[in-house]
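Visitor: here is a sequence together with a model predicted from it:
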Amino acid sequence: MDMKLDERCAVIALTHDPKLDDLALMEALKTPAFYIAARWGRGRITRRAASA
């Protein structure tokens, strides 16, 4: 899906799959969106921190 994000847009990733979140966030960072975030549960945060 090709979305035209501008400086009035916010992007928040809420999926359960890091493959989907990561791709969406990387694409969002290429836009002028004023807010880009991801909301993950504690288990996911712990797993991602351990793998970093």
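Guide: Nice, thanks for sending it over.

Visitor: so how far is stretch 17-24 off the chain centroid?
Guide: The chain centroid and the centroid of stretch 17-24 are separated by 7 Å under CA atoms, centre = their mean, to the nearest Å.

Visitor: any buried residues in that stretch, and which?
Guide: 18, 21, 24 (16 or more other CB atoms under 10 Å). (Glycine included, C-beta is placed from N, CA and C.)

Visitor: reformat these as a markdown table; add secondary structure and distance to residue 8.
Guide: Below are these laid out as a markdown table (DSSP: H, G, I helix; E, B strand; the rest coil; distance: CB to CB, whole Å):
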| residue | secondary structure | distance to residue 8 |
| --- | --- | --- |
| 18 | helix | 28 |
| 21 | helix | 22 |
| 24 | helix | 18 |
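
Visitor: out of those, show me where the pLDDT dips lowest.
Guide: Among the buried residues of stretch 17-24, residue 18 has the lowest pLDDT, at 76.

Visitor: give me the secondary structure label for residue 32.
Guide: coil (DSSP: H, G, I helix; E, B strand; the rest coil).

Visitor: from residue 25, how far off is it?
Guide: Using CB to CB, to the nearest Å, residue 32 is found at 15 Å from residue 25.

Visitor: that older thread, closest to residue 3 out of the buried residues of stretch 17-24?
Guide: Set against residue 3, the nearest of the buried residues of stretch 17-24 by CB to CB is residue 24 (10.4 Å).

Visitor: the closest one: what's it in contact with?
Guide: 11, 13, 15 (CB atoms under 8 Å, 6 or more residues apart in numbering).

Visitor: in CSV: those residues, plus distance to residue 40.
Guide: Shown next, in CSV, are those (distance: CB to CB, whole Å):
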residue, distance to residue 40
11, 15
13, 8
15, 9
